[in-house]
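Trainee: Everything below, folded, please.
(one chain, ligands or ions: 1)
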Amino acid sequence: MMSNPNNNGVQTFDVVVVGGGAAGLNGALVLARSRRTVLVIDAAEPRNAAAAGVHGFLSRDGTPPGQLLELGRAEVQRYGGQVRHGRVRAVTRDADGFRVTVDEQPAIRARRSSVPPPRVPWPPRPSTPT
Ligand SMILES: Cc1cc2nc3c(=O)[nH]c(=O)nc-3n(C[C@H](O)[C@H](O)[C@H](O)COP(=O)(O)OP(=O)(O)OC[C@H]3O[C@@H](n4cnc5c(N)ncnc54)[C@H](O)[C@@H]3O)c2cc1C
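Mentor: Residues are numbered from 1 along each chain as shown. I've put the predicted structure just below:
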């Protein structure tokens, strides 16, 4: 599935997802399966990078976080979604949708955008089985 360059040659997607962690990739997968053009932009700094394995995710117990994300990116791409490395610096709204600025690259346009929520520290909790 291709994005649509508009008259100025600017790439336009139905949705630009900011952040390619588990949440962003899962959202992008659902959108791509729904035949939306979707671009994930990911700075590749997932919170759980330091963990040896993922727990509490059905069927993936112990999977290294990097491997989970690799599988996720492949799934998104299999349905036509695109995943790019970069950091979104600004998302601004105008009459036609959203203008997404990624690092020093030319702006991208989106009809919708999805941005990650701010990071909230986890509350203290009892230890869990390893
Ligand atoms: C040590 C540790 C262990 C954990 N273990 C588990 C576990 O076992 N099971 C579990 O369910 N959860 C665990 N978590 C919580 C886990 O981090 C989340 O479940 C999961 O990573 C959340 O995914 P996410 O996509 O919301 O965020 P993240 O994984 O943090 O991904 C966010 C992504 O968005 C990118 N991003 C942010 N801002 C921008 C921007 N402006 N432009 C481009 N990209 C951007 C980041 O670089 C990052 O790659 C753990 C957390 C920690 C800290």
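Trainee: helix, strand or coil for the most centrally placed residue in the chain?
Mentor: Centroid-nearest residue in the chain: residue 20, 3.0 Å away (criterion: C-alpha atoms, centre = their mean). Classification of residue 20 by DSSP: H, G, I helix; E, B strand; the rest coil places it in coil.
Trainee: separation between it and residue 93?
Mentor: To residue 93, residue 20 is 22 Å away according to C-beta to C-beta, to the nearest Å. Any C-beta I mention is one placed from the backbone N, CA and C, and that applies to glycine too.
Trainee: Give the closest residue to the residue of the chain found nearest the ligand in space, chain neighbours not counted.
Mentor: Per C-beta to the nearest ligand atom, residue 21 is where the chain lies closest to the ligand, at 2.1 Å. Closest residue in space to residue 21, ignoring its immediate chain neighbours: residue 46 at 4.7 Å, by C-beta to C-beta, 6 or more residues apart in numbering.
Trainee: next one: residue 63
Mentor: residue 54 (5.0 Å).
Trainee: Just the pLDDT at the one you found, thanks.
Mentor: For residue 54, the model assigns a pLDDT of 96.
Trainee: so residue 84 bridges to which residues?
Mentor: Beta-bridge pairing for residue 84 (DSSP bridges): residue 41.
Trainee: surely it meets residue 42?
Mentor: Yes - between residue 84 and residue 42 there is a contact at 7.4 Å, judged by C-beta atoms under 8 Å.
Trainee: give me the low-pLDDT residue ranges for this structure?
Mentor: 1-8, 116-126, 128-130 (pLDDT under 70).
Trainee: so who does the closest residue to residue 51 other than its chain neighbours touch?
Mentor: Excluding its sequence neighbours, the residue lying closest to residue 51 (C-beta to C-beta, 6+ apart) is residue 65, at 5.6 Å. By C-beta atoms under 8 Å, 6 or more residues apart in numbering, the residues touching residue 65 are 46, 48-49, 51, 53-54.
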